[in-house]
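Asker: next one to model:
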Amino acid sequence: MSQLNEVFMRLQEQQKTQRELKKMYREALAVNGNYHEVIQELDAMKIKKKQIEASVQADLKAEFDKLEGLKLNIAGDKQMLSDIALTQLTKGEPVKVVDENQVEYEPLFTVRFQKMK
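Answerer: Residues are numbered from 1 along each chain as shown. Just a heads-up that it's a prediction; the model follows:
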């Protein structure tokens, strides 16, 4: 068996154990009466928090519209930055960026696996 597959199998076994332990923890919380009381109080506080946030957002509508636009622009620019960096890497060009304080950044690439269909 390849080393890659051995590590993958070990990872799957650890994740299975982790799921079992989390399930046991959730079941222990489910039978705790104090936990249910705190959850109900927390839900009430979350509703109150949402109401306050909605009120402030209504007061600052223009700023929140600008914030939403900025979020979209930032997400698009991050994707473009990744695409350009990957293109440069595949061409064999050096890949780094420098900020206004002359601090250099290098890209960090990750590999993920998903089930084949």
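
Asker: quick one, domains of this protein?
Answerer: The record's domain parsing of the chain by automatic domain parsing lists 1-59, 60-117.

Asker: please enumerate the strands of this structure.
Answerer: Taking DSSP state E as the test, the strands found in the chain are 97-98, 104-105.

Asker: relative to residue 7, how far out is residue 27?
Answerer: For residue 27, the distance to residue 7 (CB to CB, to the nearest Å) stands at 31 Å. Every C-beta, even on glycine, is put in place using the N, C-alpha and C of the backbone.

Asker: go on, residue 44?
Answerer: Distance from residue 44 to residue 7, by CB to CB: 46 Å.

Asker: same deal with residue 114?
Answerer: Noted for residue 114: a distance of 17 Å to residue 7, by CB to CB.

Asker: so what pLDDT did residue 107 get?
Answerer: Looking at residue 107, its pLDDT reads 89.

Asker: repeat that for residue 1.
Answerer: 58.

Asker: and what of residue 5?
Answerer: 88.

Asker: burial of it, as a residue count?
Answerer: Counted with other CB atoms under 10 Å, the neighbours of residue 5 add up to 9.

Asker: now swap in the one 10 residues further on and tell me
Answerer: Using other CB under 10 Å as the criterion, residue 15 is surrounded by 10 other residues.
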